[in-house]
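>>> How does the following fold in three dimensions:
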Amino acid sequence: GLAMSLFAGALFVGQAVGNPVRFDQLDTFWDGLNPGVRVQGFQVKSAATGETAVSLREVRLSLAWWPLLTGRIEIGSLLLVEPSLALERAADGRLRVTGIEMQGGADPALQGFSEWLLRQQEMLIENGTLEWVDHIDVDGTVERLAVRRVFLALRNDGDQHRLDVRADFPAAVCVGCRFSADFTGQPFVDRDWSGTIRVQARELVLQALPRALRTLLPAGVDGRVRLDLISDWRRGRPVVVEGRLGAQGLSLPLTDSPRVVTLQRFDTDVDWRGSAEAGRLELDNLSLGLTREPWRAGRLQLAYGRERFSAAVERIDVADLAAFAATLEHDNAVMRWVRAAQPLGTIEDAAVEFDGPVRTPRDYRIEAQLRSVGVTAVDRIPGLSALSGRLRVTPAGGEFALASGAGRIDLPRVFEEALEVDRMAGRIRW
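Purely as a prediction, here's the structure:
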C-alpha cells in the first residue's frame, strides 16, 4: 500500500505540472522485505500537443524497508526499462524535457536532485533512448543527436557510490563509449570527494561531439581519439591517470599563437602521477608519427616541479621531428636552418634536466646518442651524413665523442665536391 501511495504521488506531481500521465497496467510485489510496485506502458503526455513526451515500457520500484521504520522513504531499487525522451537546451541555456511544460515556465531541474539520487540504493536503466536537441548556435542551426541502447547502473551504499554507463552513439561521434566510477562523497555538490573513474572509447571524434561539450575544449582541438584510462581522484582532483591512449590527426592549439599543430598519429601506455604543480608522466611503448607514418619512440619520461624539469626518451626520428618543427612557422635563424638543412637520422637515449626556470635555469644537463645523423650544407654551415657519437652539454661546457663509420662531409665553400670518409673518430670539447 505504501508503494502504491508513492507511485500515486508521482502521478499527482505529473498532473500538477500540467502533463497528463498514463499507464497500461499496475501491480505490486515484494522484493524480499521491500514492498514494490510494477508499472507497464508508462507515459507522460505533453499538455500542449497531447503527444508522448516520455515513455517507458516498464517501471519497477521497490522501497527499502529499514528507513520506513524511522519514517523515511528511500528507494531500494528503481528499474526503468526502455525509457525514451528528448532533452532540449533552449536558446537561453535552460534545459527541459521536450513536451513537458512546468508551471510558470520554471526550469524542470529540481534543486538537490543529485543529492537525492545518491541517497537511493539502486537505480537501473535498460535499453534507453535519448535525443539531444540544442538550440544554442550563432547561426540558428538546431543540433540533434540520438543516443540508443543506454544502460545505466547506479548503486549507493551510504557514502559509497558505483556508477556504470554505456550507450550506442552515432558511429560518427563515438564507438564503444563507456563510463564507470567508484567514489565516495558527492562530486556534484562539493570537491571533497574521492574515487576511481574509468573512461573508454574505441574511437571518439572530437569535432563531432555535441556543441555543449565542444565548448569545454580549447579552440582548435580536433582529431580521432582512442582511450581506456583509469584515474584516481582525491579531494576532487586527479592524482593518478593510467591506461592506453591513442589518436589520429590530433590538432592542438599553441599556447603563444592562434595556430594549431597536428600530430598525425600516436599510441602509448600512459602513467601519470602528481598534480598540476608537480608530478611525473611516463609514456611506454610509444609509437609516434608527427608528420608521417608512426615510428617507435619507446619510453618517454617527464618529471616536473616548481623549480625542476627533466625529460628522457629512448628514440627520436630526427627527420620527422624536423619536419614537424618546420610546420610551426617560427621565423628565426634556427628554424630557417632546420627547414633548409633537412636533418635526418636517429637520436637515442636523449635526456634533459633543468634546475630553476626553463628559460633561465641555474643548472642544466643535456645528453644524447646520435646515430647516422645528417644535414644538408646551408650557407656557411657544412653538411654531413652518417654522423654518430655521444653528446653532453652543461653550463660549464660540452663534449662530443665522435664515432662514425663511412660518411660524407660537404664544405661547398671550400671543396667543389663532398669529402668521402671511411671513419671518423675524435673528442670535441668546448
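
>>> quick one: buried residues of the longest strand along the chain?
Ranked by residue count, the top strand of the chain under DSSP state E comes out as strand 237-253. Neighbour-count burial for strand 237-253, with 16 or more other CB atoms under 10 Å as criterion, is recorded at 238, 241-243, 245-248, 250-251. No exception for glycine: its C-beta is placed from N, CA and C like everyone else's.

>>> Can you tell me what sits against that strand?
Residues outside strand 237-253 that contact it (CB atoms under 8 Å, 6 or more residues apart in numbering): 191, 198, 218-233, 259-275.

>>> I'd like to know which of these are buried.
When the contacts of strand 237-253 are checked for burial by 16+ other CB under 10 Å, the buried set is 221-229, 231, 233, 261, 263-268, 270, 272, 274.

>>> helix or strand right after the helix or strand where residue 340 lies?
Assigned by DSSP states H and E, residue 340 belongs to helix 333-341. The C-terminal neighbour of helix 333-341 among helices and strands, as given by DSSP H and E, is strand 344-355.

>>> So what touches that next one?
307-319, 322, 361-375, 387.

>>> again, but for stretch 317-329
Contacts of stretch 317-329 (CB under 8 Å, 6+ apart): 254, 259, 261-262, 288-292, 295, 297, 335, 338-339, 341-347, 373.

>>> Which of the residues you listed are buried, as a ChimeraX select command?
This is how ChimeraX selects the buried members of those, with burial counted by 16+ other CB under 10 Å:
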select :261,288,289,290,291,295,297,338,341,342,343,344,345,346,347,373
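
>>> Might you list the low-confidence residue ranges for the protein?
Across the chain, residues meeting the criterion (pLDDT under 70) sit at 1-18, 101-113, 138, 256-257.

>>> Which parts of it are helices?
2-16, 65-69, 113-117, 211-214, 318-326, 333-341 (DSSP state H).

>>> which of the residues in the shortest one are buried?
Of the residues in helix 211-214, none has enough neighbours to count as buried (16+ other CB under 10 Å).

>>> for the second one, same thing?
Applying a neighbour-count criterion of 16+ other CB under 10 Å, one finds residue 65 buried in helix 65-69.

>>> Give me the neighbour count for the residue lying closest to residue 177 once chain neighbours are set aside.
The spatially closest residue to residue 177, leaving aside those adjacent along the chain, is residue 201, at 4.9 Å (CB to CB, 6 or more residues apart in numbering). For residue 201, the count of nearby residues is 20 (other CB atoms under 10 Å).

>>> ok, now which ones touch residue 268?
By CB under 8 Å, 6+ apart, the residues touching residue 268 are 244-246, 283-288, 300.

>>> of those residues, closest to residue 92?
Ranked by distance to residue 92 (CB to CB), those are led by residue 245 at 37.4 Å.

>>> beta partners for the closest one?
In this entry, residue 245 is beta-bridged to residue 227, residue 268, by DSSP bridges.

>>> Need the residues that contact the helix holding residue 340.
322, 325-326, 328, 375-378, 381, 383.

>>> top of those residues by neighbour count?
residue 375 (22 neighbours).

>>> That one contacts residue 384, correct?
Yes. Counting by CB atoms under 8 Å, residue 375 does reach residue 384; the two are 6.4 Å apart.

>>> could the buried residues of strand 237-253 be laid out in JSON lines, adding distance to residue 87?
As requested, the buried residues of strand 237-253 are exported to JSON lines (distance: CB to CB, whole Å):
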{"residue": "238", "distance to residue 87": "28"}
{"residue": "241", "distance to residue 87": "30"}
{"residue": "242", "distance to residue 87": "33"}
{"residue": "243", "distance to residue 87": "30"}
{"residue": "245", "distance to residue 87": "30"}
{"residue": "246", "distance to residue 87": "31"}
{"residue": "247", "distance to residue 87": "29"}
{"residue": "248", "distance to residue 87": "31"}
{"residue": "250", "distance to residue 87": "30"}
{"residue": "251", "distance to residue 87": "29"}
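
>>> Relative to residue 124, which of these is nearest.
residue 243 (26.7 Å).

>>> For the closest residue to that closest one other than its chain neighbours, which residues are in contact?
Leaving out its chain neighbours, the residue that sits closest to residue 243 by CB to CB, 6+ apart is residue 229, at 3.9 Å. Residues in contact with residue 229 (CB under 8 Å, 6+ apart) are 198-200, 241-245, 270.

>>> Quickly note the distance from residue 229 to residue 279.
Going from residue 229 to residue 279 by CB to CB, to the nearest Å gives 16 Å.

>>> Kindly indicate which of the contacts of helix 333-341 lies nearest residue 28.
Residue 28 has its nearest neighbour among the contacts of helix 333-341 in residue 328, at 69.1 Å by CB to CB.
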